[in-house]
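> Turn this into a structure:
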Amino acid sequence: MATTAKIQGVNPIVAMTFTSQGDVDFASFRRLLAHLSGVGVNGLTLFGIASEFPKLDDSERLQLAEIFIADLADKGVFRALSVTDHSTDLAVRRARRYQSMGADALMLLPPFFLQPSLAAVQAHIAAVLEAVTIPVMVQYAPGETGFPVSPAQLAEVAKRYPHAVFKIECNPPVDYTREFLERAPEAHVLNGYAGLYMLQMLGVGGKGVMPGCSFSEIYVRIYRHWLAGEHQQAVQLHEALLPYIQRWMQHCEYIIQVEKTILQRRGIIDDDYCRKPGWSLTNEDVKHIDRFISQFSLLACSVRKENI
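The predicted structure follows:
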């Protein structure tokens, strides 16, 4: 079981793998996990927005969670599973089940369907936090959920629940995070949003980044430069990455498809299929992806299919 202090560094959201017919591709999923656990990430999270969680049924989720926990055991990364249920009762039940399965941490997407009241959302978050003892990354993504929460309101959660961690991905997140940490200086903050604000967030006290998983090596290099005090190298590498992720973050479904196409073109997964509704890439998009892979010398997958 991880402590909140271990929830830091580079913690990608694991992409969901499908066959060209739309079935879950478990062989590609396991190959993806093997690849990611070998590139220096600190943790991995499954069933985030980039995992296409709304497009999975419960039986698929359970099987994927079991593989995720088992395959990453003793790999030196913390294993987090995301709780996304709108129902508080179901969220509590799922959180307890994931903890009992051996998850090191959870991520919690607060309810947003039908716009529940702030009091209802606060009660939902509190119920999940009180149901488990492992760290819970409370996700704040108002652009995706349409539900804003003030830094002061989030700070109250931090003060009450020491095992809460906060994934802040409002746009932009830096001023919000600065105010939040002024109110809750002991809180642990990670940033999502494809790492667009990775260095600024580390600069104001953030502990890490939760990007997609198709080029995790780049985020690891940036993070290690930053930790080593090599800030100029970190900035240079991040600035080279920015034009790509700025383009791809125009829409959530866009970057989900891009990330999977990168994984497929690197030979890490067999197909880049996304369950519909999704995003269709243009020929120019694919050329842009190939330029990206070439520019950053992203090697093909070293995990042999027969070993998975």
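
> switch to C-alpha atoms for all contacts and neighbour counts from now on
Fine.

> Report the separation between the two terminal residues of stretch 39-54.
Between the opening and closing residues of stretch 39-54 there is a gap of 28 Å (CA to CA, to the nearest Å).

> what pLDDT, on average, does it get?
For stretch 39-54, mean pLDDT rounds to 96.

> Check which residues of it are buried.
By neighbour count on 16 or more other CA atoms under 10 Å, the buried set for stretch 39-54 is 40-53.

> got those as a markdown table, with secondary structure columns?
Putting the buried residues of stretch 39-54 into a markdown table (DSSP: H, G, I helix; E, B strand; the rest coil) gives the following:
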| residue | secondary structure |
| --- | --- |
| Gly40 | coil |
| Val41 | coil |
| Asn42 | coil |
| Gly43 | strand |
| Leu44 | strand |
| Thr45 | strand |
| Leu46 | strand |
| Phe47 | coil |
| Gly48 | coil |
| Ile49 | helix |
| Ala50 | helix |
| Ser51 | helix |
| Glu52 | coil |
| Phe53 | helix |
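
> Could I get those residues in a markdown table, plus columns for distance to Pro172?
What follows is the buried residues of stretch 39-54, written out as a markdown table (distance: CA to CA, whole Å):
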| residue | distance to Pro172 |
| --- | --- |
| Gly40 | 27 |
| Val41 | 25 |
| Asn42 | 25 |
| Gly43 | 24 |
| Leu44 | 24 |
| Thr45 | 23 |
| Leu46 | 24 |
| Phe47 | 24 |
| Gly48 | 20 |
| Ile49 | 18 |
| Ala50 | 19 |
| Ser51 | 23 |
| Glu52 | 23 |
| Phe53 | 25 |
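
> Hmm, Arg96 and Ala131 touching each other?
Yes. Under the criterion of CA atoms under 8 Å, Ala131 makes contact with Arg96 at 6.5 Å.

> Give the residue from those two that has the larger number of neighbours.
The residue with more neighbours, out of Ala131 and Arg96, is Arg96; 18 against 15, by other CA atoms under 10 Å.

> Let me see the ranges of the helices in the stretch 201-308 of the chain.
With DSSP state H, counting those that start in this stretch applied, the stretch 201-308 of the chain shows helices at 216-227, 231-248, 252-265, 283-295, listed in chain order.

> So which of those helices is nearest Pro142?
Closest of these to Pro142 is helix 252-265, at 12.9 Å (criterion: CA to CA).

> and Val41, what are its phi and psi?
Here the main-chain torsion angles of Val41 (degrees, to the nearest 10) amount to phi -70, psi 160.

> List the contacts of the nearest residue to it once chain neighbours are set aside.
By the measure of CA to CA, 6 or more residues apart in numbering, the closest residue to Val41 outside its immediate chain neighbours is Val10, 5.2 Å from it. Val10 makes contacts with Val41, Asn42, Gly43, Gly208, Val209, Met210, Pro211, Ser216, Tyr219, Val220, Tyr223, as judged by CA atoms under 8 Å, 6 or more residues apart in numbering.

> and the nearest residue to the fourth one once chain neighbours are set aside, what is it in contact with?
Spelled out, that is Gly208. Spatially, and ignoring its direct neighbours in sequence, Gly208 is nearest to Gly9 (4.2 Å; CA to CA, 6+ apart). Contacts for Gly9 (CA under 8 Å, 6+ apart) come out as Val41, Asn42, Gly43, Lys207, Gly208, Val209, Val220, Tyr223.

> Switch the residues you listed over to JSON lines; also include distance to Asn283.
Listed next are the contacts of Gly9 as JSON lines, based on distance: CA to CA, whole Å:
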{"residue": "Val41", "distance to Asn283": "31"}
{"residue": "Asn42", "distance to Asn283": "35"}
{"residue": "Gly43", "distance to Asn283": "34"}
{"residue": "Lys207", "distance to Asn283": "37"}
{"residue": "Gly208", "distance to Asn283": "34"}
{"residue": "Val209", "distance to Asn283": "30"}
{"residue": "Val220", "distance to Asn283": "30"}
{"residue": "Tyr223", "distance to Asn283": "32"}
